[in-house]
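K.L.:
Task: produce atomic coordinates for the following.
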Amino acid sequence: LLTDPVLPCGQILAEHLSLPSVFFLRGMPCGVDFEATQCPSPPSYVPRMFAVHTDRMNFLQHVKNVIFDIPNYFLCDFVFQPYAKLASEFLQRDVTMSDLLRQASIWLMRLDFVLDYPRPLMPNIIVIGGVNCAHKQ
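P.N.:
Now for the predicted structure:
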């Protein structure tokens, strides 16, 4: 099942039907993709989206980067709570958002290293950058 995991209804259906799932995405809010794929992403070293830092930071920038990451823990629980509840009711077992996303067979990530910093990736993550670029004549 080819789906975008930001709205996990496709993944809930794939889990129910025992189908392998392929995710096609640019990135997920709150770094849920890091958590689900178990990619290392320590907030003190990996630049966060709105912190506008590079991968070379001084001590105060590291602290700012960690502070920018703190609201993600609370915001993600609030945003994905209805989907976790829906999945738990539909699948008739307790399910978290991370449990659902861990079931993915392949992650097709639309990362472009011009815009994103290189990061460690798991073997089931395939980088397909440049998908949205138009050719100029």
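
K.L.:
Which elements pack onto the helix or strand of the chain with the lowest mean pLDDT?
P.N.:
In the chain, no helix or strand scores lower on mean pLDDT, DSSP states H and E than helix 32-37, which sits at a mean of 82. Applying 3 or more C-beta pairs under 8 Å, 6 or more residues apart in numbering; DSSP states H and E, we find helix 32-37 packed against helix 97-101, strand 106-109. (Glycine included, C-beta is placed from N, CA and C.)

K.L.:
Just after that helix, pick out the following helix or strand.
P.N.:
Following helix 32-37 in sequence order, the next helix or strand is helix 59-91 (DSSP states H and E).

K.L.:
So which bits of that following helix are buried?
P.N.:
61-62, 64-65, 68-69, 72, 76, 80, 83-84, 87 (16 or more other C-beta atoms under 10 Å).

K.L.:
before we move on, what SS does Leu121 have?
P.N.:
coil (DSSP: H, G, I helix; E, B strand; the rest coil).

K.L.:
mind listing what it touches?
P.N.:
Contacts for Leu121 (C-beta atoms under 8 Å, 6 or more residues apart in numbering) come out as 37, 39, 109, 127.

K.L.:
So which residue is smack in the middle of the protein?
P.N.:
With distances taken as C-alpha atoms, centre = their mean, Asp33 lies nearest the centre of the chain, 2.1 Å away.

K.L.:
quick one, what contacts the residue lying closest to that one once chain neighbours are set aside?
P.N.:
Nearest residue to Asp33, sequence neighbours excluded (C-beta to C-beta, 6 or more residues apart in numbering): Gly27, at 6.5 Å. Shown in contact with Gly27 (C-beta under 8 Å, 6+ apart): 33, 109, 111.
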